[in-house]
Each structure stands twice: as C-alpha cells, then as structure tokens.
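Undergrad: here you go, sequence then predicted model.
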Amino acid sequence: MNLNPKTKLIIESLTLKLNSLANELSAKGKNIINLTAGELDFPTPLYIQKEVKNKVNLNKYTPTVGISTLKHMIAGQIYKDYKWKVTAENVAVTAGGKQALFESMFAILQEGDEVIIPTPGWVTYKYQIILNNAKPILAPLNKKFDLDIKEIQKVISKRTKAIILNSPNNPSGSFYSAASLIALKKIIKNKAIYLIVDDIYSKIIYDKTYRTPALFAPQKKYLILINSFSKSQALAGWRVGYVIANKEIIQAVTSYQSHTTGNVSLLSQIAAQEIIKKGDKTKKFIQILKKRRKIVAKLLQTIPRISYDLPKGAFYYFINVSRIETNTEKFCEHLLEAGLALVPGEAFGSPGFVRLSFSASTSKLIKGIKIFKKICKKY
Ligand SMILES: Cc1ncc(COP(=O)(O)O)c(C=O)c1O
C-alpha cells in the first residue's frame, strides 16, 4: 500500500505492546504476572469519583486547551512548586503528558534540528522527534543513571534545538543530581536550547535530595515543562496533562490541538481541578510504594548475576541482567512464556536490562520475582 513513508519510521511503543500482549494472554486463560505497568494500580480516589459523578450532565466543548479556572489553578500550582511566575496564558491542558510533549515539539522543531535524549530514556521521545521531522540524538547517562555532562558536550552542536530531561527517570527510577544539573546549566547558559522537562514522576519520590531539573533552566523562555495527572494521581486513563511554556509556544500548541483532538474531556478537567483544590493524595500512594520497593529489593537480592539500584523515584526497578543475557527482548519472551511480563531494556535504548514495575500487589510481586529467579537460574 502507498502509505505515508513516515509510518515506516515508527513502531508501536514496545512497552504498550508488551502490556497488551500480557493482557491478551491473560484473557486467553494463561496465568500471567504482568509487571510492565506504567501506571499506579490504585483505584480512582473517592473524592474525585464523587465530584465527577455530580457533573456527568455537563456535555459541551470547552476552550481548546482547557477551562479557564483549571488553567489558573495550574498556574498557581506551578508558582507553589517551582516559584515560576506564570499565568493562564502559559498553560495548555492536554490529553496527558504524551500529547503535551508531542505538541511542544511540534511548536519548536524544524527539519534538521536535533534533540538530545539522555539514555536510557522513555521510548516515546525518539518517535515524537522523528514525527516532527527532527533527529533524536542519544547521550548515555552514567552508570548511576545520572547526567553524563561529557557525553552531552560531545553531542551538543549548532543543530541542537532541545534537551529532554526526565527525572525521576523512566526506566531507571533514578534522578539527576543537582551537581550534574548545575553543570548542564553552565554549558547551555547562553545558548538557544530548549529544556523540555518531563516532570511526570516528580511527585513520586523516595529520597529528599530530589530537585526538579526545571529549577536549573538558565532562561525561562527556553523552558518547557510537561506534567500530567496520570502517574502521581493514579488517573492515567483519564488523559489529562499540561504544558507550561512561553506564550508563543502555547499559541502554537493551541492551534495544533484545535485541529486535532480539541479539548480534553471536560470530566477529566473537573477531576484535575478537584485534585488541585483538595491537595493531592500522592503521599498515601508513596507509603504503599515504599513498602513494595523494599519487598522487591529483598527478593531481588537472592538472585545471582543481576544488579540494580534502589529506585529513588517513580515505580520501576531497572535490572542489569547482562551477565545472564544481553538480548533482553529474547529474554523477556522467555519470561512471558514462563508467565511473567517485564519490559526489555531495548525499549529504552539499553539492551541487557529489564524494567520491573512495582506498581502491583505484594502477592503479584512475590510470584513474579519467583518466576524471574527460576528463569535467571535456567539461563
Ligand atoms: C517518562 C514519561 N513521560 C510521559 C509519559 C506520558 O504520560 P501520560 O499518560 O500522561 O500521557 C509517560 C508514560 O508512560 C512516561 O513514562
């Protein structure tokens, strides 16, 4: 078929594909422990359910990039969290962080531009850059999954239009140190390089030394901040996120969205307002996640030939299995046959690793790691 050649440049997200494959196998009756989830396994908080149920009679379009009250609330929240003075005109409400990222890239990228992705990095960045006619440039993180400034310096050029920073990071669960962010700030200080800060996991933190990369942006006009209610508020399926950026970018995002999806579901916007009004409940989630993180560490300790760091944020263990198998796509197929779904490191540009999500019940984690241990032993 004579399709758009761009369709050949992208493949379905490996993380979503594995997740649906695991779900398909479960639906067919195979017992699969699915530890691929990129979302919290907690139900929608009751106070949100209640508020939204009261509003189901509302059925009209809203302004394209969000109802005014929500945009004002988000602007207020940004000042609280980042001490960054923005107004509703700097806010665009989008269908999750994914749309926020895509539309921001649409706004700034031109053919020939390059965007640096510290790697391992989230699978979608690369494809969004390609879809916007620019070139993804991978810069390896160091062994601790911190920014490696030398690697970034090696790839920065006149063509560099943006750097994507995701801290805590998917898949490593680690975050960038303040020292590395200060060093980055120095090298981009007088350059027209956008910092795209994907702060989607910034509220799921287990280590007090965390500082968001947004605080280290040398020039606010080149800062694009992405966030959503998907991860920290357990609302992934409600599709509500936002971009904070200068007005020109928000105008371009608005135009794009007005001709594509239009506004985010009104009910999701109401849910987001409720969260900001009542104060988020992430702390409760973190308490549970911390316990699970500890249980997983204890179980993983008993498996020879693997290594990993305790995640400092998000809800992923990124496990180095390269002494067992470097082709982790193949390794994950074997795990799936044995009843465990994990995401191979190839999805994030790091073969030899697997990502285990601990957003799952304790019993699932125990059963899943038992299978993992068995297969590791067999190799
Ligand atoms: C690093 C990162 N950024 C953005 C997203 C997109 O999140 P959303 O569900 O809000 O679109 C994800 C989701 O997996 C993610 O892991």
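TA: Looks like it arrived, so ask away. Numbering: from 1, shown residues only.
Undergrad: which residues are in contact with the residue lying closest to E103 once chain neighbours are set aside?
TA: Among residues not flanking E103 along the chain, V253 sits closest, at 4.4 Å (CB to CB, 6 or more residues apart in numbering). (Each C-beta comes from the backbone N, C-alpha and C, glycine too.) By CB atoms under 8 Å, 6 or more residues apart in numbering, V253 lies in contact with V65, A92, T94, A100, E103, S104, F106, A107, V243, A245.
Undergrad: and the residue in the chain that the ligand sits nearest to, what does it touch?
TA: Per CB to the nearest ligand atom, G96 is where the chain lies closest to the ligand, at 2.7 Å. For G96, the contacting residues are S228, S230, A236, R239, V240, G241, by CB under 8 Å, 6+ apart.
Undergrad: can you rerun that using 6 Å?
TA: S228, S230, R239, G241 (CB atoms under 6 Å, 6 or more residues apart in numbering).
Undergrad: just give me the neighbour total for C332.
TA: Number of residues near C332 (other CB atoms under 10 Å) recorded here: 26.
Undergrad: no, scratch that, I was asking about L300
TA: 18.
Undergrad: skip the chain neighbours and tell me the closest residue to it.
TA: Once flanking residues are discounted, L300 sits nearest to Y308: 6.2 Å by CB to CB, 6+ apart.
Undergrad: now do the one you found, the pLDDT please.
TA: Y308 carries a pLDDT value of 97.
Undergrad: thinking again about what came up before, so which pair among the contacts of V253 is furthest apart in space?
TA: Maximum pairwise distance in the contacts of V253, criterion CB to CB, is 13.5 Å, between V65 and F106.
Undergrad: between these two, who's got more neighbours?
TA: Neighbour count, other CB under 10 Å: between V65 and F106, V65 has more, with 26 against 19.
Undergrad: you'd agree that one is in a strand?
TA: No - counting by DSSP: H, G, I helix; E, B strand; the rest coil, V65 is not part of a strand but coil.
Undergrad: what about stretch 145-164, how long is it end to end?
TA: Terminal residues of stretch 145-164 lie 15 Å apart, using CA to CA, to the nearest Å.
Undergrad: report the rounded mean pLDDT for that stretch.
TA: 98.
Undergrad: kindly report the residues of the stretch 151-300 of the chain close to the ligand.
TA: N166, N170, D198, I200, S228, S230, A236, G241 (CB under 6 Å from any ligand atom).
Undergrad: try it again with 8 Å
TA: Counting by CB under 8 Å from any ligand atom, the residues of the stretch 151-300 of the chain lying close to the ligand are 166, 169-170, 198, 200-201, 226, 228-231, 236, 239-241.
Undergrad: can you give me the helices in the stretch 1-150 of the chain?
TA: 14-27, 46-53, 68-82, 96-108, 123-131, 149-155 (DSSP state H, counting those that start in this stretch).
Undergrad: could you point out which element follows the top helix by length along the chain?
TA: When the chain is scanned for its longest helix (criterion: DSSP state H), the result is helix 282-300. Note on helix 282-300: by DSSP states H and E, the next helix or strand toward the C-terminus is strand 316-320.
Undergrad: between helix 282-300 and that following strand, find me the angle.
TA: With axes from the mean of the first three to the mean of the last three CA atoms, to 10 degrees applied, the angle from strand 316-320 to helix 282-300 works out at 20 degrees.
Undergrad: which is the succeeding secondary structure element to strand 316-320?
TA: Sequence order places helix 328-337 as the next helix or strand after strand 316-320, per DSSP H and E.
Undergrad: give me the contact list for that following helix.
TA: Residues outside helix 328-337 that contact it (CB under 6 Å, 6+ apart): E325, L342, P344, G345, E346, P351, V354, I375.
Undergrad: and the helix or strand following it, how far out from the chain middle?
TA: Following helix 328-337 in sequence order, the next helix or strand is strand 340-341 (DSSP H and E). Taking CA atoms, centre = their mean, to the nearest Å, the mean C-alpha location of strand 340-341 is offset from the chain mean by 21 Å.
Undergrad: do stretch 320-335 as well
TA: 23 Å.
Undergrad: report the buried residues of it.
TA: For stretch 320-335, burial by neighbour count (16 or more other CB atoms under 10 Å) applies to N320, V321, S322, I324, E325, T328, F331, C332, L335.
Undergrad: residue contacts, the first one?
TA: What that stands for is N320. With the criterion set at CB under 6 Å, 6+ apart, N320 makes contact with S307, F353.
Undergrad: gap between it and I288?
TA: To I288, N320 is 26 Å away according to CB to CB, to the nearest Å.
Undergrad: can you list the domains in the chain?
TA: 5-44+282-378, 60-278 (automatic domain parsing).
Undergrad: mind putting those domains into a markdown table with distance to K53?
TA: As requested, those are arranged in a markdown table below (distance: least, CB to CB, whole Å):
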| stretch | distance to K53 |
| --- | --- |
| domain 5-44+282-378 | 11 |
| domain 60-278 | 9 |
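Undergrad: interface residues of the stretch 1-150 of the chain facing the ligand?
TA: Near the ligand, when you scan the stretch 1-150 of the chain using CB under 8 Å from any ligand atom, you find 15, 38-39, 95-101, 121-122, 124.
Undergrad: ok, now with 5 Å
TA: Near the ligand, the residues belonging to the stretch 1-150 of the chain are G38, G96, G97, K98, W122 when assessed by CB under 5 Å from any ligand atom.
Undergrad: which non-adjacent residue is nearest the third one?
TA: Taking CB to CB, 6+ apart, and ignoring the residues beside it in sequence, G97 has S228 as its nearest neighbour in space, at 3.9 Å.
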